[in-house]
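Engineer: Here is my input, please return the structure:
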Amino acid sequence: MEDLDVQQIGKKKSLRRRIILTMIACILIPFVILTIALILQLFSIIDEYVNLGFGSVEAFKVPLIITFIIIAIIIIIVISLGVIRISSRITVPINELTQSIEMIAEGDLSQEISMDGRIRGNEIGILAQSFQNLLVTMRLGNKSYYRGDMNLAFTNYNAALELFRTSKNLNGQGMCLNNLGNIYRMWGDNNRAKDCYAKSIEIGEQMDDIGGLSSRYNNRGILFLSEEKWVEAMKDFEKALELDKEMDDDEGIAARKRNIGVLHILKNELELAQEQLNEAFRLDSKWDYNVGLAEDEFQLGRLSMLKNKPEEAEEHFNKSLKLAGNLQNYPLMKNNLEAMIKLYENQGDTTLHHKAELELSKINDLLVSKKDVVFVIDQSGSMKEWGKMQAARMGALGVFNETINIGDRVAIVGFHSIINMVLELTEKRGNIAEIVDLFKYLENTRYETALYDAIAHAIDILSKAPMIQGEESQERQKWVITLTDGEDNLSKEFNPRKIATLIKSIQPPLNFVLIGVGPELKNVHRKMTQMVNATPLGKYITIYSAKNVQKRIADAFTRVKEIMASSEIEGFIPEEG
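Structural biologist: Here you go, the predicted structure:
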């Protein structure tokens, strides 16, 4: 810390010295030259008068020189004092701003950027205001991230990234890119997450930012872990661990050890996992780091179950559950309760099994995300064949009844030659019977198929959906569930390429499930997948055979329910740095 203070003082003095020397060079040197020129000119005039016979004038030479020198010295002193005062007014706010920017880049968002009346309105004041806005933006991004509002966090981190790029602040850019990588990973957009992590790591290596690099390698390792890329994950975890050891960061070392232990669990290398988890537990216990201990106990419980040691597993889960409860870590509480339910089921203990299920139900109520869902159902003439319309009605109704929760919003869009707005986006409350009737009475027409325009209309509904009062800070999942039985033959505004571009522009990513029924859709398989693949949360369910088509449509909607249920609650993710 003392070395840092000395360094800061040295920077301040160096800046002030440069400003003073520059101002002296620009003001005093020309003044001195002008003064010398005037004295020489005066001597020349006196000599001319002496030559003309006014010899007595020569007696004024020395007094005039002394007078000029005294006046010049007084002016130089006044100018120098003015220069020093002006340089202080310039350097103090610049140094304060520079120090604040360095602290922001290092992740300290606690201080304020001071702006007094001396700099408001001038160029330095404008720059200070820009960085004050940056500070607020970063705070909002972090606040939104930790409370789970990824959409708002994404917006704020992007704004901060642009400001850091404008000011060419590499440390700040690396921090923002790492956070954006975390958001993309949580959204399931792994390619963009990897790109952000790679850029943040490149900046960290360039700046020799050891602390930042540790968390960045760790976060990318978690991403590789989720993709079952064991070699890549281990490589990143070991790099992060090496950096933590270099900093003597026991908390970081414990987190990396734990993640390596999880990797060994997933590879069924139980003894190696035990070794890593025991070391993580030892370090977290040494410093009473409860956040880490809660995760350690959970992973040790998982390991004990795999080793067929139910009593040890139960003890670990109970300890983790208590710690997680004290920390209000609801996702970890959910993971523990799910593991305990499985444990009690294996033991045949119905009492404890039922108790754990009740507790899990309470936690799930806290974790379930609200959804906006638009059903897009084909009403063209061909839907009458083979009972497809009946199967589509009942399948969509099943999704509504079983996975659309109270407080979710739903819309129904039918399409044939035109877009048929069956139900505007409506919150599911006491209106369930009316919405059920709308599903039941969906009928086919004699007309054609404007599939692409209907999908675009559904996306537009979600993009323009108004916020519900009191839920401004909550992020809703966005879903489009579409069923069609034929090729588009009537859309006027949109095609698969335009739909894909539209989908890519949506953040967080759109959940898009497309059910394609009928052999003719084989002809447009590439176009259908082009739309679905535009989002990492896309799924194309094909029913190309006409055999048992009603049952296959019912099975497809069952698959939709499974996809929606699995997305409602975030599962276990190893601890991030």
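Engineer: Surely Ala534 is in a strand?
Structural biologist: No - looking at Ala534 with DSSP: H, G, I helix; E, B strand; the rest coil, it is coil, so not inside a strand.
Engineer: Enumerate every residue touching it.
Structural biologist: Counting by C-beta atoms under 8 Å, 6 or more residues apart in numbering, Ala534 makes contact with 499-501, 503-504, 512. (Glycine included, C-beta is placed from N, CA and C.)
Engineer: Any figure for the gap between it and Tyr540?
Structural biologist: 11 Å (C-beta to C-beta, to the nearest Å).
Engineer: which regions of the stretch 451-577 of the chain sit below the pLDDT cut-off?
Structural biologist: 469-474, 565-577 (pLDDT under 70).
Engineer: do that again at 80, thanks
Structural biologist: Confidence mapping of the stretch 451-577 of the chain against pLDDT under 80 gives the ranges 467-476, 506-509, 536-537, 544-547, 561-577.
Engineer: what are the ranges of the strands in it?
Structural biologist: Counting by DSSP state E, counting those that start in this stretch, the stretch 451-577 of the chain has strands at residues 477-484, 511-517, 538-543.
Engineer: Report the buried residues of the first one.
Structural biologist: What that stands for is strand 477-484. 477-484 (16 or more other C-beta atoms under 10 Å).
Engineer: circling back: can you list the strands of the stretch 451-577 of the chain in CSV and add distance to Lys384?
Structural biologist: Output for those, formatted as CSV (distance: least, C-beta to C-beta, whole Å):
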stretch, distance to Lys384
strand 477-484, 14
strand 511-517, 13
strand 538-543, 16
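Engineer: who wins for proximity to Leu266 among the ones you listed?
Structural biologist: strand 538-543 (24.4 Å; C-beta to C-beta).
Engineer: Which neighbouring elements make contact with that closest one?
Structural biologist: Counting contacts by 3 or more C-beta pairs under 8 Å, 6 or more residues apart in numbering; DSSP states H and E, strand 538-543 is packed against strand 511-517, helix 525-532, helix 549-568.
Engineer: okay, now the domains of the protein?
Structural biologist: 2-101, 249-367, 371-466+475-568 (automatic domain parsing).
Engineer: and those domains, which one's lowest on average pLDDT?
Structural biologist: Among the domains of the chain, domain 2-101 carries the lowest mean pLDDT, at a mean of 65.
Engineer: Spell out the residue ranges of the strands in the protein.
Structural biologist: Assigned by DSSP state E, the strands in the chain fall at 371-378, 409-415, 419-427, 477-484, 511-517, 538-543.
Engineer: Ile39 is nearest to which of those?
Structural biologist: Per C-beta to C-beta, nearest to Ile39 of those: strand 477-484, 82.3 Å.
Engineer: So what's the gap between that closest one and the chain middle?
Structural biologist: 25 Å (C-alpha atoms, centre = their mean, to the nearest Å).
Engineer: what residues are up against the residue lying closest to Glu338 once chain neighbours are set aside?
Structural biologist: Using C-beta to C-beta, 6 or more residues apart in numbering and skipping the chain neighbours, the partner closest in space to Glu338 is Leu360 (6.5 Å). Counting by C-beta under 8 Å, 6+ apart, Leu360 makes contact with 334, 337-338, 341.
Engineer: one step back: tabulate the domains of the chain (TSV), appending distance to Ala160.
Structural biologist: As requested, the domains of the chain are arranged in TSV below (distance: least, C-beta to C-beta, whole Å):
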stretch	distance to Ala160
domain 2-101	12
domain 249-367	24
domain 371-466+475-568	16
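Engineer: Of the ones you listed, give the one that comes closest to Gly212.
Structural biologist: Nearest of the domains of the chain (C-beta to C-beta): domain 249-367, 11.8 Å.
Engineer: which of the residues in stretch 378-391 are buried?
Structural biologist: 378-384, 386, 388-391.
Engineer: What of stretch 179-190?
Structural biologist: Neighbour-count burial for stretch 179-190 flags 179-187, 189-190 (criterion: 16+ other C-beta under 10 Å).
Engineer: With adjacent residues omitted, what lies nearest to Gly252?
Structural biologist: Using C-beta to C-beta, 6+ apart and skipping the chain neighbours, the partner closest in space to Gly252 is Asp244 (3.6 Å).
Engineer: Next: Ile406.
Structural biologist: In space, Ile406 is closest to Lys428, 5.7 Å off (C-beta to C-beta, 6+ apart).
Engineer: Could you check how many residues crowd around the one you found?
Structural biologist: As a burial measure, Lys428 scores 17 neighbours (other C-beta atoms under 10 Å).
Engineer: Going forward, count from 14.
Structural biologist: Taking 14 as the first residue, the last one we looked at is Lys441.
Engineer: That one and Thr416 touch, don't they?
Structural biologist: No - Lys441 is beyond contact range of Thr416, at 10.9 Å (criterion: C-beta atoms under 8 Å).
Engineer: By neighbours, which of the contacts of Ala547 wins?
Structural biologist: Of all the contacts of Ala547, the most densely surrounded is Phe525 (25 neighbours; neighbours counted as other C-beta under 10 Å).
Engineer: on that earlier part again, can you put the strands of the chain in JSON lines and add distance to Ser93?
Structural biologist: Shown next, in JSON lines, are these (distance: least, C-beta to C-beta, whole Å):
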{"stretch": "strand 384-391", "distance to Ser93": "69"}
{"stretch": "strand 422-428", "distance to Ser93": "71"}
{"stretch": "strand 432-440", "distance to Ser93": "72"}
{"stretch": "strand 490-497", "distance to Ser93": "66"}
{"stretch": "strand 524-530", "distance to Ser93": "70"}
{"stretch": "strand 551-556", "distance to Ser93": "71"}
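Engineer: Pull up the gap between Ile445 and Ile417, please.
Structural biologist: In terms of C-beta to C-beta, Ile445 sits 9 Å off from Ile417.
Engineer: and these two? which has more neighbours close in?
Structural biologist: Neighbours per residue, other C-beta under 10 Å: of Ile445 and Ile417, the larger number sits with Ile417, 19 against 13.
Engineer: tell me the contacts of that one?
Structural biologist: So Ile417 contacts 384, 386, 423, 441 (C-beta under 8 Å, 6+ apart).
Engineer: mind running it again at 6 Å?
Structural biologist: Shown here is Ile417, whose contacts under the criterion C-beta atoms under 6 Å, 6 or more residues apart in numbering are 423, 441.
Engineer: Asn524 contacts Trp492, correct?
Structural biologist: Yes - Asn524 lies in contact with Trp492 (C-beta atoms under 6 Å); the separation is 4.5 Å.
Engineer: how deep is the closest residue to Met407 other than its chain neighbours tucked in, by neighbour count?
Structural biologist: Closest residue to Met407 apart from its sequence neighbours, by C-beta to C-beta, 6+ apart: Ala567 at 7.0 Å. Using other C-beta under 10 Å, Ala567 has 16 neighbouring residues.
Engineer: Kindly report the same for the one 5 residues further on.
Structural biologist: Other residues lying near Arg572 total 15 when counted by other C-beta under 10 Å.
Engineer: Distance-wise, check it relative to Glu324.
Structural biologist: Arg572 sits 39 Å away from Glu324, going by C-beta to C-beta.
Engineer: one step back: what about the residue nearest to Glu351, distance to Leu53?
Structural biologist: 97 Å.
Engineer: Then Tyr170?
Structural biologist: According to C-beta to C-beta, Tyr170 stands 66 Å off from Leu53.
Engineer: neighbour-wise, which of the two wins?
Structural biologist: Counting neighbours by other C-beta under 10 Å for Tyr170 and for Leu53 shows that Tyr170 has the greater number, 26 against 10.
Engineer: Go ahead and confirm that one touches Met188.
Structural biologist: No - look at Tyr170 against Met188 with C-beta under 6 Å: they stay out of range, at 9.0 Å.
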